[in-house]
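Student: Below are the sequence and a predicted model for it; my questions follow.
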Amino acid sequence: PQIADKASNRLGALFFYNVGMLKPASPAQTELEMVTLEQLVPKDHLLRLLDQHIRFDFIREATQHLYCENNGRPAVDPVVLFKMLFIGYLFGIRSERRLVKEIEVNVAYRWFLGFRLTDKVPDASTLSQNRRRRFVGTDIEQRIFDGIVEQAIEHKLIGGRVLYTDSTHLKANANKRHFEIHQLEQTPAAYLAELDAAIEADRVAAGKKPLKRDDDDSAPPTKEIKVSTVDPDAGFMARDNKPTGFFYLDHRTVDGVHALIVDTHVTPGNVHDSQPYLARLDRAKERFELAVGAVGLDAGYFTPQVCKGILDRELFGVMGYKRPSHRDGYFYKRDYLYDAVQDCYRCPTGEVLPYRTTNRLGYREYASNPKHCADCAQRAQCTQSRSHQKLVTRHLWEACKEA
């Protein structure tokens, strides 16, 4: 009886799980439904947050002078154009053609742009032609960026007390083997005038003659650079531990509160990180009236001019450490101790390297006495100079790096 009861229960369970009846699928895609885009977009979607906190209408006013008031065909709303670009950036859609295809089928994108399900999405050529014709040569991208940063400041999302800066290399769409060699005229960096004045003052204080300058020469100095035949605006980058080829550098400064970007600046890949830094820092401070107190930087910015600029602006700077280059079997530069009172260096054996001159690059030269070095037992670890002389250099602004 027990076995019969168990069998009966199993049959009952089998019957229970097989009572469903399979029906053929109906073509639900052709049915008419009453639905709105508002219902289809998730409440926690990123685009909902952007639409809630950022007012994009200012773009229309900022671009109004670039459109004709009373002639031509009706233009696509510039707010829509830039919102489309924002979507591509936020969701990693690099191709404008692909972007249009994604907007056509994505209800969240359509909702963000203000399109209905049946509205036609602007063609990809509309984006490219506006960029090449209407917006070329203008600062509209910078003005839109600044407008959004200002709104972030209004929402207390940016404090401006601590700013962090670094650069990211972006691969250019150019083969590194396809290039031409050009002669580029070397224009002096902005800080060189200040450095030249410091060099002359240092030489005068040391009783040295002024350096001869090449300002009167008819031909300015030039250098050879590689220019891509496909993308001439890119720069050929060749750095340690970095890929080699044509790149751009995206220099970004972010705020320390929520890591929001307050400044972005693009240069060719062969521009050193430190060159545009101080000018971009000043722009961010002045444009948004930021009370900056401290900055954090990568080791690539640890140069005398950047350190001096930070101290001149009365900022607290924290920079990454970069291990100095060193030749095996030789003393480190730190083994030579600088005496600020006597203005000299002392080698590991205690010999004095007095000041000799200040060169045109802004380095003070300290040279040893060859008579003392010739018979030194540790000369092989110090120098292989034929004249038996050790030379140590110190930048005029080295004290700013040590501060």
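Tutor: Structure received.

Student: Domain boundaries for this protein, per the record?
Tutor: Structural domains assigned to the chain are 35-144, 162-186+221-319, 333-401, following the TED database.

Student: could the ones you listed go into CSV alongside mean neighbour count and distance to residue 197?
Tutor: (C-beta placed from N, C-alpha, C; glycine too.) Converted to CSV, these look like this (neighbours: other Cβ atoms under 10 Å; distance: least, Cβ to Cβ, whole Å):
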stretch, mean neighbour count, distance to residue 197
domain 35-144, 14, 32
domain 162-186+221-319, 16, 13
domain 333-401, 15, 10
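
Student: Ok, which of the ones you listed comes nearest residue 154?
Tutor: domain 35-144 (9.7 Å; Cβ to Cβ).

Student: where are the low-confidence patches of the stretch 101-250 of the chain?
Tutor: In the predicted model, the stretch 101-250 of the chain carries pLDDT under 70 at residues 185-190, 213-221.

Student: In it, mark out all the strands, start to finish.
Tutor: Applying DSSP state E, counting those that start in this stretch to the stretch 101-250 of the chain gives strands spanning 162-171, 179-185, 222-228, 235-237, 245-255.

Student: right, so of the ones you listed, which gets closest to residue 355?
Tutor: Per Cβ to Cβ, nearest to residue 355 of those: strand 222-228, 31.0 Å.

Student: could you dump the domains of the chain to TSV with distance to residue 193?
Tutor: Formatted as TSV, the domains of the chain follow (distance: least, Cβ to Cβ, whole Å):
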stretch	distance to residue 193
domain 35-144	27
domain 162-186+221-319	12
domain 333-401	12
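
Student: Tell me which of those sits nearest to residue 155.
Tutor: Closest among the domains of the chain, using Cβ to Cβ: domain 35-144, at 6.2 Å.

Student: can you give me the end-to-end distance of that closest one?
Tutor: From its first residue to its last, domain 35-144 covers 34 Å (Cα to Cα, to the nearest Å).

Student: Now do the strands in the stretch 301-403 of the chain.
Tutor: Under DSSP E, counting those that start in this stretch, the stretch 301-403 of the chain gives strands at 316-319, 337-339, 344-346, 352-358, 363-367, 391-395.

Student: if I look at residue 154, how far off is residue 144?
Tutor: Residue 154 is 16 Å from residue 144, where distance means Cβ to Cβ, to the nearest Å.

Student: Please apply the same query to residue 181.
Tutor: In terms of Cβ to Cβ, residue 181 sits 38 Å off from residue 144.

Student: Could you do residue 281 as well?
Tutor: Distance from residue 281 to residue 144, by Cβ to Cβ: 21 Å.

Student: can you check residue 157 too?
Tutor: 17 Å.

Student: List phi and psi for residue 24.
Tutor: Backbone dihedrals for residue 24, given as degrees, to the nearest 10, come out at phi -70, psi 140.

Student: who are the neighbours in contact with residue 122?
Tutor: 76, 80, 81, 84, 100 (Cβ atoms under 8 Å, 6 or more residues apart in numbering).

Student: returning to that earlier point: in TSV, list the strands of the stretch 301-403 of the chain along with mean pLDDT.
Tutor: Shown next, in TSV, are the strands of the stretch 301-403 of the chain (pLDDT from 0 to 100):
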stretch	mean pLDDT
strand 316-319	93
strand 337-339	94
strand 344-346	94
strand 352-358	93
strand 363-367	93
strand 391-395	93
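
Student: right, so of these, which gets closest to residue 331?
Tutor: Of all the strands of the stretch 301-403 of the chain, strand 391-395 comes closest under Cβ to Cβ, at 10.4 Å.
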